[in-house]
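1. Below: sequence and its predicted model.
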Amino acid sequence: MDDHFRVVLLWQKLYIDCYPFLYKLPIRIRATKGRIHVVIVQRPFDRVQTMIPLLIMVAEMILLVWAASIIGPGLARPAMDVRIWAWSFCVVLGLCGVCIYYLWLVEGKETLVFWANEMLQLELDLKSETNHSLKDNSHGQTHLDELNLLGFKLGVWIAYLLTPIATVIIMALGLDPLYYIAERIFIICLVTIYTAIYSAELVVQLVRKVVARNWRKIQTGLSARHIRLYVIIQLAVQAVADMVKVTSLVAILAAAAVLVSITFVSVKLGHELPIYLVVVLASAGVFGFLMAKALLTKAGRMFKNLVELLGSFKGVEILKGMTPSVKMAYMRDVGRLSLIKIPIGVGNMVFATVNRNTNVDLSRLFIDATVNVLLLF
């Protein structure tokens, strides 16, 4: 089993099975004989239990907005009050949590489970077909990936162990009694998105290995498995495209809120907080920025791998040995394939798509937003 899936199981053990105020999600990840699969949890009054997190997050946002509306008018400069920033931060995270939870675990639960298991099975089949092993590093695993994985492990453990202490301290300071919910949402989204990107990137690399191993059969027209595999990946992306589109936008909004809020409070309002809390906030901000960079880097690399995968279908070493009739039929089939795009937007509006420049563009956006807020106030 890959270490990335071990992190997911660790997250599930800590944040679902052993977390304070236990609540079971409507889906669960199971590992049997080294194989990962996703199942729907059978619970009494499942519909009611599924809606509980939504109701809690909506209630939290209403209470925080209400508290800010009561306290705000009495402040000379509301924007310079730590409580206003903490409450606004949690409202944004709560809104993001509502969107993501509803999209994936209420409306799209069956779609998520079906395609997650399909892609996990496809990954398992491709590993078997290409003799892939855990020691095989040909799928592009780098030292930076290993460092990112270690960072996720440490982040999961540190967040889990420090949450009870941080919740008590934050409640004592009057900042946010429901911090624990926001922190849980953040960790869940972070681990899930990173693992999904890693798994997708690995599948793409394994398909490239299939092309490299079967190029002689492809030349003679005896194998079109690589085209079928690409179509399966396309169908999976299309099935969740609407959910991914909104989730990408929400994730960007959440990342910006985390970085801007933590940086502003640490720099501008740090004198109002205990020094240990400022250090924790600054550390969390640095960790959040590094993890966001890691996600963006892997997303950009996955797009690059998709471009190279489609390009490998038309490689010179494959085409030069084909007969004219086989080549004509093959190019007709390959020509029907389009580059898989990962959209960012909402509804019918697409603001951007993930590409090799996404990392740089969003990093610049985060830095500009943080600097502008610091200068504005």
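-> Structure received. Numbers count the residues shown, from 1 in each chain.

2. Return the residues in contact with the residue most central in space within the chain.
-> The centroid of the chain falls nearest to I193 when counting by C-alpha atoms, centre = their mean (1.7 Å). Residues in contact with I193 (C-beta atoms under 8 Å, 6 or more residues apart in numbering) are 247, 251, 295. In this view, the C-beta of every residue, glycine as well, is placed from N, C-alpha and C.

3. Name the residues of the helix or strand where the second one lies that are buried.
-> Mapping A251 onto the secondary structure by DSSP states H and E places it in helix 241-268. Taking 16 or more other C-beta atoms under 10 Å as the basis for neighbour counts, the residues of helix 241-268 that come out buried are 242-252, 254-266, 268.

4. Let me know how buried K304 is, in neighbour terms.
-> K304: 15 surrounding residues under other C-beta atoms under 10 Å.

5. ranges for the strands of this structure?
-> Ranges of strands within the chain are 27-32, 35-40, 343-346, 349-353, based on DSSP state E.

6. could you say what helices and strands the first one packs with?
-> So that's strand 27-32. Where contact means 3 or more C-beta pairs under 8 Å, 6 or more residues apart in numbering; DSSP states H and E, strand 27-32 is packed against helix 3-12, strand 35-40, helix 109-129.

7. which residue sits closest to E272, ignoring its sequence neighbours?
-> Leaving aside its chain neighbours, E272 sits nearest to V82 (5.6 Å; criterion: C-beta to C-beta, 6 or more residues apart in numbering).

8. and that neighbour, how many residues sit next to it?
-> Neighbour number of V82 under other C-beta under 10 Å is 18.

9. before we move on, back to that, how about the strands of the chain, which one is nearest M331?
-> strand 349-353 (25.7 Å; C-beta to C-beta).

10. ok, the closest one: who's next to it in the sheet?
-> Under the criterion DSSP bridges, strand 349-353 sits next to strand 343-346 (antiparallel) in its sheet.

11. And the partner strand, what's buried?
-> By neighbour count with 16+ other C-beta under 10 Å, strand 343-346 contains the buried residues 343-344.

12. Let me see the residues that make contact with it.
-> 241, 244-246, 248-249, 252, 350-354.

13. So which residues make contact with stretch 272-286?
-> Identification of contacts with stretch 272-286 by C-beta under 8 Å, 6+ apart yields 82, 166, 169, 173, 258-259, 262-263, 265-266, 270.

14. ignore the last one, stretch 354-368
-> The contact list for stretch 354-368 (C-beta under 8 Å, 6+ apart) reads 248, 252, 255-256, 259-260, 289, 292-293, 296-297, 299-300, 302-304, 341-344, 352.
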